[in-house]
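Asker: here are the coordinates; sequence isn't available:
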């Protein structure tokens, strides 16, 4: 499970997943970085 804080990712996007400290309100220990948006 990875955390998409801004809900910016969509179907077909290429993302980089980075391990982070777990967020206090969730068990997610991963964060996302969008490498390429779908269709670009």
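Answerer: Perfect, I can see it now. The structure displayed is predicted, hence computed values, not measured ones.
Asker: need the helices for the protein, in chain order.
Answerer: Read by DSSP state H, the chain holds no helices at all.
Asker: Which residue would you name as the spatial centre of it?
Answerer: Nearest residue to the geometric centre of the chain (Cα atoms, centre = their mean): residue 32, 2.5 Å.
Asker: Okay, and the beta partners of it?
Answerer: Beta-bridge pairing for residue 32 (DSSP bridges): residue 17.
Asker: tell me the contacts of it?
Answerer: Residue 32 is in contact with 2-4, 9, 15-18, counting by Cβ atoms under 8 Å, 6 or more residues apart in numbering. Bear in mind the C-beta positions are built from the backbone N, C-alpha and C, glycine included.
Asker: and if you look at residue 36?
Answerer: Residue 36 neighbours (Cβ under 8 Å, 6+ apart): 13-14.
Asker: Okay, and the beta partners of it?
Answerer: Beta-bridge partners, per DSSP bridges, of residue 36: residue 14.
Asker: what's the pLDDT at it?
Answerer: As predicted, residue 36 sits at a pLDDT of 86.
Asker: i'd like the first residue to be 35 from this point on
Answerer: Renumbered: residue one is now 35, and that last one reads residue 70.
Asker: circling back: wait, which of the contacts of residue 66 is closest to residue 73?
Answerer: Comparing the contacts of residue 66 against residue 73 with Cβ to Cβ picks out residue 43 as the nearest, at 13.5 Å.
Asker: so what's the closest one up against?
Answerer: Contacts of residue 43 (Cβ under 8 Å, 6+ apart): 49, 66, 68.
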